[in-house]
Every structure is written in structure tokens, then in C-alpha cells.
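Chemist: Sharing a model prediction with you, sequence too.
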Amino acid sequence: MADASALERRVLVLAPSGRDATLASQVLEQAQIAAVVCPDVAALVAAMDEGAGAAVLANEALTPEVIAPLAAHLHHQPAWSDFPLLIFTARAASASENRRTLEAFAELGNVTALERPVHPLTMVSATRAALRARARQYAARAALSDRERDVRQRDEFLALLGHELRNPLGALRNAATMVERSGGEIPGLHRPLAIIDRQLRHLTQLVDDLLDVARVTSGKIALKVVPVDVVAATRAMVDEMAKVSRERRLQIDLRAPSEAVVVMADPVRLDQILTNLLTNALKYTPSQGRIDVSVGVEHGEAVLRVADTGVGLSAEMLPTIFEPFTQAARTLDRSQGGIGLGLSVVRALARLHGGDVAVTSEGLGRGSEFVVRLPHAPAARVEAAATAAAVEPLANTPRHILIVEDGADNRESLQELLEGLGHRVDTAIDGERGVEQALAERPEVALVDIGLPRLDGYEVARRIRGAMGSKIFLIALTGYGQPDDRARAAAAGFDVHITKPLDFRTLERLLAGGQGGHLH
């Protein structure tokens with residue numbers, strides 16, 4: 001069988017008369033152009049699927065029974081393809097006949113009409129031009145394939161990187177929680193614990209931004225859209241940032257209407273937009289500076305403004321500030337930190353919600369203002385969020401818990417935290433032992449890492465769920481946090497998917513039967 005490149009250089013010939021097809025093939029072969037005669041349109045379409053550079057067709061062959069399947073096939077070409085057709089037409093007696101001929105072939109797309117009698121030189125030169133154009137299409141296909149492969153490899157690398165970074169972050173978060181719970185009242189310990197907590201959150205945000213840029217560019221972010229009050233969400237985020245602003249001696253103020261400003265949005269992603277904009281303002285505003293946040297409605301849009309008195313942006317920087325890995329005032333000291341992804345994520349998420357973001361600045365040292373606009377949904381009603389779980393003490397029902405985790409620091413620190421709450425905790429260091437331990441000990445809850453040796457966490461969940469059914473609550477506790485990972489976890493039988501580093505309060509609520517848990 002011919003190799004793919006040879007197939008892609010051949011010319012297909014369809015003519016109602018065997019003599020016409022033979023003559024056309026002979027002319028092409030004499031010019032060192034491979035030609036293949038197709039007996040009918042089905043053979044032509046099949047040969048096009050295998051690979052071809054162009055097709056030569058006689059006008060008489062293009063009956064309605066031929067044009068319909070050929071046009072349908074050409075309509076479903078991939079984006080890179082525009083298959084060239086050379087059609088021998090009869091000499092037209094008038095301009096109107098020429099126009100009717102061209103209109104008849106319009107639905108076939110990339111058509112070159114060659115009026116009979118066709119000189120062999122004209123036929124060969126037109127065919128070679130079509131083959132050159134087709135070769136460029138195949139080159140575009142190869143470039144697209146290479147790009148898709150590179151994007152796929154990048155996404156796989158970032159998913160692995162996220163997992164490898166989240167594992168040590170998880171252990172650090174557990175250790176910090178242990179210190180906070182056992183020694184939080186020791187004089188002088190509060191400040192270093194606060195530093196650890198702040199930097200852990202910063203590192204986690206960097207990992208999230210890195211992965212989110214990859215998800216957005218790959219189209220892998222799925223929004224869970226509900227009515228959201230931008231005023232309430234912004235007020236909560238400003239309150240959360242107030243402590244950081246005081247530590248940095250910055251003033252942060254919110255101006256918002258008393259009534260709700262409702263948008264249809266994913267609450268998690270809206271919080272991410274707010275977090276990244278406020279973090280950016282805090283990062284680039286010197287001490288004694290000011291950050292003004294406002295929410296309102298303008299021309300049918302919900303508008304969020306974050307203005308600061310910080311370092312500002314040069315005119316050259318304004319057009320690129322939302323591009324990945326772009327930062328204002330890059331310096332060798334790296335005092336502000338970050339990798340220049342937060343604003344890129346803001347723009348991507350705003351656009352996913354049908355909105356956009358813009359920035360203005362009067363220049364370096366004169367501050368900047370970021371403005372997010374989202375479609376306003378005044379008719380939508382925001383349901384009041386239940387807050388009882390946040391204020392009521394959690395029921396400390398002792399559980400029998402199995403931890404399946406190969407990382408010693410994560411496993412041992414989590415075991416100590418859970419035992420400190422009165423739970424009975426067993427551990428396993430790989431997937432096979434995790435399944436054996438679960439079936440032998442019959443725990444109520446299993447916290448299972450995904451990247452386990454011997455059996456991965458998905459297979460562990462399938463086997464435990466198959467043997468114990470609904471008698472066990474399965475929690476995936478993992479560094480893999482992309483949407484595909486969550487879907488795979490649910491399909492394997494997990495009840496909940498938690499991405500490291502673990503917020504221990506979240507786990508406490510799950511064990512107490514809150515936040516969607518089904519424990520009794």
C-alpha cells in the first residue's frame with residue numbers, strides 16, 4: 001500500500017467517458033503527476049478520504065446525483081482542508097451561460113473551471129497549482145496536529161506538576177494545622193503561624209492560576225452558573241482581605257448599593273476574579289496607599305471596579321497586561337512575587353461569563369483601575385445561603401477512618417489530626433493494602449489518595465465500593481484537581497473529591513455529615 005505522502009500527492013479523475021479519463025490521466029502522468037481514475041462518485045469520495053491532492057472532473061460527470069454526495073462530503077471537511085477541484089467545462093456561448101455554470105459549482109467550494117478545449121500545458125499548470133495549495137493545507141494539518149500534541153503534553157505536565165506541588169503543600173497545611181491546634185496559645189507563635197498560613201495560601205493560588213490558564217486555553221473549564229449577588233460576594237472578599245490590607249498599612253474601601261446586583265455566574269469563579277484583582281492591587285500598592293472597590297450597574301451591565309494608588313502601568317504595558325506571564329514593573333528583586341498569571345485568569349473567566357475586563361492607568365507611579373463588566377440579570381433571584389454550618393459547633397461523632405496515602409508526611413500528619421479529634425484511624429501505604437485493610441476492618445470513611453503505587457485510587461474506590469456498597473463514605477484526597485479528575489473520581493465511586501492542600505475545617509464538616517456528606 002502506498003505511503004500517506006504518496007496518496008496525498010495523487011490526482012483523482014472522474015469522467016463519464018473512459019476515453020476522457022484516460023486522456024486526462026495520460027497528460028498528468030507525462031508531467032510526473034500520479035493520477036487515479038475513479039469509476040463513480042462513491043469511489044471518488046473514498047479516495048479523497050484516503051488522501052489526495054486534487055480532483056479533475058468533467059462537466060458531464062457532475063449530474064445532480066453526483067454533486068449532492070460530493071458537496072455533502074466537502075461540507076464536512078476539517079477546518080484545515082479546502083479540497084481543490086478542477087472541472088472541464090464546455091465552451092460557453094454567452095456570459096450568462098458562464099455565470100450559470102459557476103453558480104452550479106458554487107456549493108463545491110474550491111473550484112477551478114477549465115474551459116474546453118483545454119491545452120495540456122494549461123491543465124498541467126493548473127493541476128500543479130492545486131497540488132501546491134493542497135500541500136500547504138497538509139502542512140497546516142501537521143502544524144495543528146503538532147500544536148494539539150504540544151497542548152496535550154503541556155496539560156499532562158501541568159496536571160502532574162500540580163499533583164507534585166499539592167502533595168508537599170498538603171503536608172505543610174496539615175503540619176500548620178497541628179501546630180495551631182496544639183500550640184496556638186503559646187506566646188509568640190501567632191505571628192509565625194500567620195506567616196505560614198499566608199504563604200501557603202499564596203503558593204496554592206500560584207498552582208491554581210497555573211492550572212487554570214491551561215484549562216481555559218484548552219476549553220476545559222465548565223461553569224456551574226447560578227444567580228449571584230456581586231455586592232455580597234465583593235463585600236465578603238473585601239472583608240477577607242481587610243486583615244492583609246491592615247498588615248500592609250493600606251486602606252481598602254467598598255462602595256456598593258444597598259440592593260443586590262445579580263449576575264448569572266459560577267460563584268467559585270466569580271470569587272476567583274475578585275481574589276485575583278484584589279490580590280493584584282494589594283501586591284502593587286505601597287504602604288499608606290489606598291484601594292477603592294465599587295460595584296454598580298451601568299448600561300445593563302454589572303460593573304466591578306478595583307482602583308489603587310499603586311505603581312501604575314506604562315502605556316507600553318497596558319495592551320499586554322492580561323497576557324499570561326506578564327507583570328508590571330518587573331525587577332530582579334522579585335519583591336512582589338507571582339508569575340504573572342492572575343490577570344490572565346481574570347480576563348479568561350470574565351469572557352467565559354459573557355463579559356470582559358479592562359484596565360486604565362495614567363502612568364507609572366499613578367495607580368491603575370481594573371473594570372470587570374458582566375451581563376446584569378436583575379430578574380434572577382439569589383437564594384439565601386445557609387450559614388448555620390459556619391457558626392454552629394461541629395458534631396464531633398467519633399468515626400472509624402482509613403487513610404490510604406503513600407506520602408508519609410501527609411499520612412502521618414492527617415492521622416494525628418484526626419486522632420486528636422477522637423476518631424479511630426487506620427492507615428495503608430499503597431492501593432492493594434488499602435483495599436485489604438478496608439475489607440478486613442470495614443471502616444465508615446476512607447480518605448484515598450489517587451496517585452498510589454500498586455493500585456491507583458480510582459481502582460481502590462471501585463473495589464471497595466463493589467465490596468461494601470453504601471456502607472462506606474469514600475473521599476478522594478488528591479493533588480489531581482482538574483474537572484476530568486473530579487469526573488473520574490465520581491465514576492469510580494467516590495462520594496467527595498478534595499484537592500490538596502486540605503482545609504481541615506472542610507473535612508471536619510464532612511465527617512460531621514455537613515456539606516453534602518451522607519454520614520450518620
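Modeler: Yep, that arrived. Residues are numbered from 1 along each chain as shown.
Chemist: sec struct for I475, please.
Modeler: Of the three states, I475 takes strand under DSSP: H, G, I helix; E, B strand; the rest coil.
Chemist: Domain-wise, how is this protein divided?
Modeler: Residue ranges for the domains of the chain, per automatic domain parsing: 8-118, 156-220+394-520, 226-375.
Chemist: Just put those in a markdown table and tack on mean pLDDT, mean neighbour count and distance to V382.
Modeler: Every C-beta, even on glycine, is put in place using the N, C-alpha and C of the backbone. Output for these, formatted as a markdown table (pLDDT from 0 to 100; neighbours: other C-beta atoms under 10 Å; distance: least, C-beta to C-beta, whole Å):
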| stretch | mean pLDDT | mean neighbour count | distance to V382 |
| --- | --- | --- | --- |
| domain 8-118 | 85 | 16 | 41 |
| domain 156-220+394-520 | 83 | 18 | 20 |
| domain 226-375 | 85 | 18 | 5 |
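Chemist: could you dump the ones you listed to a markdown table with distance to A133?
Modeler: Below are those laid out as a markdown table (distance: least, C-beta to C-beta, whole Å):
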| stretch | distance to A133 |
| --- | --- |
| domain 8-118 | 6 |
| domain 156-220+394-520 | 30 |
| domain 226-375 | 34 |
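Chemist: Run through the bridge partners of the nearest residue to A260 once chain neighbours are set aside.
Modeler: Using C-beta to C-beta, 6 or more residues apart in numbering and skipping residues adjacent in sequence, the residue nearest A260 is D229, 4.1 Å away. Judged by DSSP bridges, the bridge partners of D229 are V262.
Chemist: Quick one: residues contacting D229.
Modeler: Contact analysis of D229 by C-beta atoms under 8 Å, 6 or more residues apart in numbering lists A260, V261, V262, V382.
Chemist: now these as a markdown table including distance to R248?
Modeler: Shown next, in a markdown table, are the contacts of D229 (distance: C-beta to C-beta, whole Å):
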| residue | distance to R248 |
| --- | --- |
| A260 | 31 |
| V261 | 28 |
| V262 | 32 |
| V382 | 32 |
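Chemist: what's the distance between the helix or strand encompassing R152 and the middle of its chain?
Modeler: If you go by DSSP states H and E, R152 is part of helix 120-183. Centroid separation between helix 120-183 and its chain, computed with C-alpha atoms, centre = their mean, to the nearest Å, is 12 Å.
Chemist: and what of stretch 54-64?
Modeler: Between the centre of stretch 54-64 and the centre of its chain there are 45 Å (C-alpha atoms, centre = their mean).
Chemist: where do the strands sit along the stretch 151-300 of the chain?
Modeler: 226-229, 251-255, 262-265, 290-298 (DSSP state E, counting those that start in this stretch).
Chemist: Now render those strands as TSV, adding distance to Y138.
Modeler: Shown next, in TSV, are the strands of the stretch 151-300 of the chain (distance: least, C-beta to C-beta, whole Å):
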stretch	distance to Y138
strand 226-229	46
strand 251-255	57
strand 262-265	43
strand 290-298	50
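Chemist: of all the ones you listed, which lies closest to I33?
Modeler: Counting by C-beta to C-beta, I33 lies closest to strand 262-265 out of those; the figure is 57.6 Å.
Chemist: Can you tell me what sits against that closest one?
Modeler: So strand 262-265 is in contact with 223, 225-230, 270, 302, 353, 374-378, 380-382, going by C-beta under 8 Å, 6+ apart.
Chemist: Please identify which of the contacts of D229 is nearest to T89.
Modeler: Using C-beta to C-beta, those come closest to T89 at V262, 61.7 Å.
Chemist: And that closest one, how close does it get to H376?
Modeler: V262 sits 7 Å away from H376, going by C-beta to C-beta, to the nearest Å.
Chemist: Repeat that for Q272.
Modeler: For Q272, the distance to H376 - C-beta to C-beta - is 20 Å.
Chemist: ditto for T234
Modeler: Here T234 is placed at a distance of 15 Å from H376 (C-beta to C-beta).
Chemist: first vs last residue of stretch 497-505, how far apart are they?
Modeler: Terminal residues of stretch 497-505 are spaced 15 Å apart (C-alpha to C-alpha, to the nearest Å).
Chemist: who's in contact with that stretch?
Modeler: Here stretch 497-505 has contacts from 166-167, 169-170, 172-174, 177, 200, 204, 410, 414, 417, 475-481, 485-486, 489-490, 506-507, using C-beta under 8 Å, 6+ apart.
Chemist: List the contacts of A302.
Modeler: Applying C-beta under 8 Å, 6+ apart, the residues near A302 are V230, V261, V262, V263, V295, G296, R373, L374, P375, H376.
Chemist: how about it, secondary structure?
Modeler: Assignment for A302 (three-state DSSP): strand.
Chemist: circling back to that earlier point, between the domains of the chain, which one is closest to R141.
Modeler: domain 8-118 (4.5 Å).
Chemist: quick one: terminal-to-terminal distance for the closest one?
Modeler: Termini of domain 8-118 sit 25 Å apart (C-alpha to C-alpha).
Chemist: and stretch 302-311, how far from the chain's centre?
Modeler: 27 Å.
Chemist: should've said stretch 265-284
Modeler: 18 Å.
Chemist: export it as PDB, just CAs?
Modeler: Extracted C-alpha coordinates of stretch 265-284, given in PDB (Å, rounded to 0.1, in the frame of the first residue of the first chain):
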ATOM      1  CA  ALA A 265     -22.200  33.300  37.300                       C
ATOM      2  CA  ASP A 266     -20.200  30.400  38.800                       C
ATOM      3  CA  PRO A 267     -19.800  31.600  42.400                       C
ATOM      4  CA  VAL A 268     -16.400  29.900  42.700                       C
ATOM      5  CA  ARG A 269     -15.100  31.600  39.600                       C
ATOM      6  CA  LEU A 270     -16.500  34.900  40.500                       C
ATOM      7  CA  ASP A 271     -14.700  34.700  43.800                       C
ATOM      8  CA  GLN A 272     -11.500  33.900  41.800                       C
ATOM      9  CA  ILE A 273     -12.000  37.000  39.700                       C
ATOM     10  CA  LEU A 274     -12.400  39.100  42.900                       C
ATOM     11  CA  THR A 275      -9.500  37.400  44.700                       C
ATOM     12  CA  ASN A 276      -7.100  37.900  41.800                       C
ATOM     13  CA  LEU A 277      -8.000  41.600  41.300                       C
ATOM     14  CA  LEU A 278      -7.700  42.400  45.000                       C
ATOM     15  CA  THR A 279      -4.500  40.400  45.400                       C
ATOM     16  CA  ASN A 280      -3.000  42.300  42.400                       C
ATOM     17  CA  ALA A 281      -4.000  45.700  44.000                       C
ATOM     18  CA  LEU A 282      -2.500  44.700  47.400                       C
ATOM     19  CA  LYS A 283       0.600  43.400  45.700                       C
ATOM     20  CA  TYR A 284       1.400  46.600  43.800                       C
END
